[in-house]
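Student: I need the structure of the sequence given here:
(one chain, ligands or ions: 1)
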Amino acid sequence: MADETIEALLLEQRKFPPSEAFKSRAHVVGTHLYDEAAQDYEAFWARQADELVSWSRPWGTVCEWNLPFSKWFVGGQLNVAYNCLDRHVEAGRGGKVAIHWEGEPGDTRTITYAELLAEVERFSNALKDLGVGRGDRVNIYLPMIPEAVVAMLSCARIGAAHSVVFGGFSSQALADRINDASAKVLITADGGWRRGEVFPLKPQADEALASTPSIEHVVVVKRGGNTVDMKSGRDHWYHDLMANASAKCPAEPMDSEQLLFLLYTSGTTGKPKGIMHTTGGYLTHVTYTHKYVFDLHADTDVYWCTADVGWVTGHSYIVYGPLSNGATQVIYEGVPNHPGNDRLWSIVEKYKVTIFYTAPTAIRTFMKWGTQEPAKHDLSSLRVIGSVGEPINPEAWMWYHEHIGRGNCPIVDTWWQTETGGIMISPLPGATTTKPGSATFPLPGVGAEVVDENGKVVTKGGGYLTLTHPWPGMLRGIWGDPERYKETYWSRFPGRYFAGDGAKLDDDGYLWLLGRVDDVMNVSGHRISTTEVESALVSHPSVAEAAVVGANDATTGQAIIAYVTLRGGAQVNESDLRNHVAKEIGAIAKPKTIYFTPDLPKTRSGKIMRRLLRDVAEGRNLGDTTTLADASVVTELQQRAAQSSED
Ligand code: 7RM
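Tutor: Sure thing, here's the model as predicted:
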């Protein structure tokens, strides 16, 4: 019987140092930032806050830490919208493009910093006219249109906290979140474009509004052109409010610890948690990470993050980080395969995107679609490419490196969470030698350690990923439930934040994320991570994507069941694939059964839902499927499982 907390099976030897050409222009080369932060992390963050953020009143204390509650830059005052807009305009950069927006049908809008500021000032006044003020909550339920950015920044400007709900969520999910936050105003649209069609938002919102007594007003942006009901006195068209609002709305100073937003995470059990983020620390964290992780040069780069503003990635790396840094960015409304599988690459070519940030689920989908899609376009503008959301399998990393990065873009694999606010573990592209599949090292200013089940620090091999000291962007709590905050994040290992993820350290001290610890499989006493078996499967040239789960087994405790999606046109048989896994990482990790499937069940943000696959594998009725992106995928797998047990 093995005794490791989580076994480390996969050995990856390939290494990619930054090129001399990249280093010659990079913000960070070498170790000076790491050395500085290691001396005194509070002083390090204070320097970032000072250099990267504009304050209307300086702070007194850098960090007040009463475990598990932290306050950053205490006593300081600032306005986030001022930092994202006014200061760039005041510095003479009002004519710089903030947003190249591309609608799914092909319509476009180009918005400069001065124009974005004017829109935000007007909409801030419109919100004030509706009675919104400091400390209120505003819900946002919008497609990926510029008004989503305007709405968020307008809330920040007047001191109201926003709670963005992803436009793909149901009316029930919207109602739950509105009610938990007691939001006063809802900002939505008639509809948005997706896969060549208009999807309705206002009708969904209307269903939610039947049970949300706190909502006094609804603002509706016209985008889809679909017919909607407008309830007189409550519902207002955005364009009408804007026509009547006054143009000037000075940014008022907010306390550093003023609530900036709530963002709900569904987690695995229980009701969604309203994760709280505040002002000064959060802005410092996202501005710093956006600048250094992507090596942003705001005057020349064109940045594009493909996330939705409904997720934390959209908050931190579409809205607050990039705009605070004065970046020019692309925002795209629709799906990656409309009208063709090369839509994203045509956008990269069109806007000469230099920094591209996406998720492993997207990269594995691109692998399925084939290399001919990116090959149709000139991607030579790209210089840094990033990944977030799940562990990136080494072969997916290699595919991204070769076919999108064309062999000469550093890849930044960024580990972080809704709760961390910003990136925590990632290479710095001019400083770090990367290894395919490793998020490498904690960023300067971040403390991360792997521990075993007793909380003892592990310096080599697998265990639980913990964070050892507070950081500016950390969540301040769960809205309305401080006990749940302590219990969820701070109780498993005393004095440490436990993220819920497994990780291992290799011989060179590189960190490898191993997936959620709830998913770890126990096969004959060996604790095996899903990530490593999935990566072994994906390393087969025919495989694009894989999900594995441990299902109850009379002999081995759990047996590994794999669900595999092949690359376009490829074929392979089950036993070859099982042997391939044995060869890559060892016989103990060989899947007992492999199912081939065109799709895997995923959350709406694209993370594989192994819990459902476990239900399928163990023949259980499906639990909660409401967070699933496409429920037909599991139904299909269930039918297949039932069939194979009859065979
Ligand atoms: C940004 C985001 C958080 C969870 C996290 C991990 C997983 C995210 C990576 C990753 C391996 C990565 N926020 N995760 N990034 N795993 N490597 N680079 O995704 O709150 O929605 O999810 O996502 O399990 O705990 S999130």
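Student: burial of the residue in the stretch 501-647 of the chain that the ligand sits nearest to, as a residue count?
Tutor: Of all residues in the stretch 501-647 of the chain, Leu513 sits closest to the ligand, at 3.5 Å by CB to the nearest ligand atom. All C-beta spots, glycine's among them, are computed from the backbone N, C-alpha and C. Counted with other CB atoms under 10 Å, residues neighbouring Leu513 total 22.
Student: check which helix or strand covers it.
Tutor: Applying DSSP states H and E as the criterion places Leu513 in strand 511-516.
Student: what does that strand rub up against?
Tutor: If you take CB atoms under 8 Å, 6 or more residues apart in numbering as the criterion, strand 511-516 is touched by 6, 8, 10, 268, 390-391, 415, 425, 437-442, 448, 450, 462, 465, 500-506, 520, 529-532, 610.
Student: coming back round to it: with adjacent residues omitted, what lies nearest to the residue of the stretch 501-647 of the chain closest to the ligand?
Tutor: Sequence neighbours aside, Pro391 is the residue nearest to Leu513 in space, at 4.7 Å (criterion: CB to CB, 6 or more residues apart in numbering).
Student: ramachandran coordinates for the residue nearest to the spatial centre of the chain?
Tutor: In the chain, the residue lying closest to the centroid (CA atoms, centre = their mean) is Thr313, at 3.5 Å. Note on Thr313: its backbone torsions stand at phi -60, psi -40 [degrees, to the nearest 10].
Student: and Ala26, by the same measure?
Tutor: Backbone torsions for Ala26, taken as degrees, to the nearest 10, come to phi -80, psi 150.
Student: cool, and Ala396?
Tutor: Note on Ala396: backbone dihedrals following degrees, to the nearest 10 are phi -70, psi -40.
Student: rewinding a little: name the nearest residue to the residue nearest to the centre of the chain, ignoring sequence neighbours.
Tutor: Leaving aside its sequence neighbours, Thr313 sits nearest to Ala307 (CB to CB, 6+ apart; 3.7 Å).
Student: tell me the pLDDT of that neighbour.
Tutor: For Ala307, the model assigns a pLDDT of 98.
Student: same thing with Thr269?
Tutor: pLDDT recorded at Thr269 is 60.
Student: Gly502 in helix, strand or coil?
Tutor: Of the three states, Gly502 takes strand under DSSP: H, G, I helix; E, B strand; the rest coil.
Student: ok, now which ones touch it?
Tutor: Counting by CB under 8 Å, 6+ apart, Gly502 touches 5-6, 462-465, 513-517, 520, 529, 531.
Student: what's across from it in the sheet?
Tutor: Assessed by DSSP bridges, Gly502 has beta-bridge partners Tyr464, Gly515.
Student: one step back: the residue nearest to the centre of the chain and Gly106, how far apart?
Tutor: Applying CB to CB, to the nearest Å, the value for Thr313 to Gly106 is 25 Å.
Student: for Asn573, same thing?
Tutor: 43 Å.
Student: what's the answer for Thr603, then?
Tutor: As defined by CB to CB, Thr603 lies at a distance of 29 Å from Gly106.
Student: with Arg364 instead?
Tutor: Arg364 sits 27 Å away from Gly106 when distances are taken as CB to CB.
Student: again, but for Leu465
Tutor: Distance, Leu465 to Gly106, using CB to CB: 43 Å.
Student: swap in Glu7?
Tutor: 50 Å.
Student: residues of the stretch 251-400 of the chain that sit close to the ligand?
Tutor: Within the stretch 251-400 of the chain, the positions adjacent to the ligand are Thr265, Val312, Thr313, Val388, Gly389, Glu390, Pro391 by CB under 6 Å from any ligand atom.
Student: out of the residues you listed, which sit inside helices?
Tutor: Under the assignment DSSP state H, those contribute Val312, Thr313 to helices.
Student: for Thr306, which non-adjacent residue is closest in space?
Tutor: Excluding the flanking residues, the one nearest Thr306 by CB to CB, 6+ apart is Thr358, at 4.6 Å.
Student: next, count neighbours for the one you found.
Tutor: By the measure other CB under 10 Å, the count of residues near Thr358 is 24.
Student: what sits against it?
Tutor: Shown in contact with Thr358 (CB under 8 Å, 6+ apart): Cys305, Thr306, Ala307, Ile385, Gly386, Ser387, Val388.
Student: partners of it in the sheet?
Tutor: The partner residues for Thr358, given DSSP bridges, come to Ser387.
Student: who's more crowded, Leu465 and Gly106?
Tutor: Leu465 (25 against 11).
Student: now that the more buried one has come up, it's in contact with Ala499, right?
Tutor: Yes. Judged on CB atoms under 8 Å, Leu465 makes contact with Ala499 at a distance of 5.2 Å.
Student: between those two, which contacts overlap?
Tutor: With CB under 8 Å, 6+ apart, Leu465 and Ala499 have no common neighbours.
Student: quick revisit: what is the most widely separated pair among the contacts of Thr358?
Tutor: Pairwise distances across these (CB to CB) peak at 14.3 Å, for the pair Ala307 and Ile385.
Student: which one is the residue of the stretch 151-300 of the chain found nearest the ligand nearest to, not counting chain neighbours?
Tutor: Using CB to the nearest ligand atom, the closest approach of the stretch 151-300 of the chain to the ligand is made by Thr265 at 5.6 Å. Closest residue to Thr265 apart from its sequence neighbours, by CB to CB, 6+ apart: Thr418 at 4.8 Å.
Student: swap in Gln558?
Tutor: Closest residue to Gln558 apart from its sequence neighbours, by CB to CB, 6+ apart: Gly550 at 3.4 Å.
Student: my read: that neighbour touches Thr556, true?
Tutor: No. Look at Gly550 against Thr556 with CB under 8 Å: they stay out of range, at 9.2 Å.
Student: these two: which is more packed in?
Tutor: Set side by side, Gly550 and Thr556 show unequal neighbour counts under other CB under 10 Å, the larger going to Gly550 at 25 against 17.
Student: mind pulling up the pLDDT for that one?
Tutor: So Gly550 comes in at 97 (pLDDT).
Student: any idea which element it lies in?
Tutor: Secondary structure (DSSP H and E) places Gly550 in strand 543-553.
Student: which helices and strands sit right next to that strand?
Tutor: Judged by 3 or more CB pairs under 8 Å, 6 or more residues apart in numbering; DSSP states H and E, the packing partners of strand 543-553 are helix 360-369, strand 521-523, helix 530-538, strand 557-566, helix 610-617.
Student: who in this structure is up against the ligand?
Tutor: Residues of the chain lying near the ligand by CB under 6 Å from any ligand atom: 265, 312-313, 388-391, 413-418, 439, 499-501, 513, 516, 605.
Student: now the helices for the stretch 401-550 of the chain?
Tutor: Assigned by DSSP state H, counting those that start in this stretch, the stretch 401-550 of the chain shows helices spanning 482-490, 530-538.
Student: does anything pack onto the last one? Which helices or strands?
Tutor: It refers to helix 530-538. Counting contacts by 3+ CB pairs under 8 Å, 6+ apart, helix 530-538 is packed against helix 394-399, strand 511-516, strand 543-553, strand 557-566, helix 574-585.
Student: out of the ones you listed, which gets nearest to Ser182?
Tutor: Evaluated with CB to CB, these place strand 511-516 nearest to Ser182, the distance being 31.2 Å.
Student: how far off centre is the closest one?
Tutor: The chain centroid and the centroid of strand 511-516 are separated by 16 Å under CA atoms, centre = their mean, to the nearest Å.
Student: just the CA atoms of it, as PDB, please.
Tutor: C-alpha atoms of strand 511-516 as PDB (Å, rounded to 0.1, in the frame of the first residue of the first chain):
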ATOM      1  CA  LEU A 511       4.600  23.200  -9.200                       C
ATOM      2  CA  TRP A 512       2.200  20.900 -11.100                       C
ATOM      3  CA  LEU A 513      -1.500  21.300 -10.400                       C
ATOM      4  CA  LEU A 514      -3.300  17.900 -10.000                       C
ATOM      5  CA  GLY A 515      -6.900  18.900 -10.100                       C
ATOM      6  CA  ARG A 516      -9.500  19.100  -7.300                       C
END
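Student: quick one: work out the angle between that strand and helix 610-617.
Tutor: Using axes from the mean of the first three to the mean of the last three CA atoms, to 10 degrees, the direction of strand 511-516 lies 50 degrees away from that of helix 610-617.
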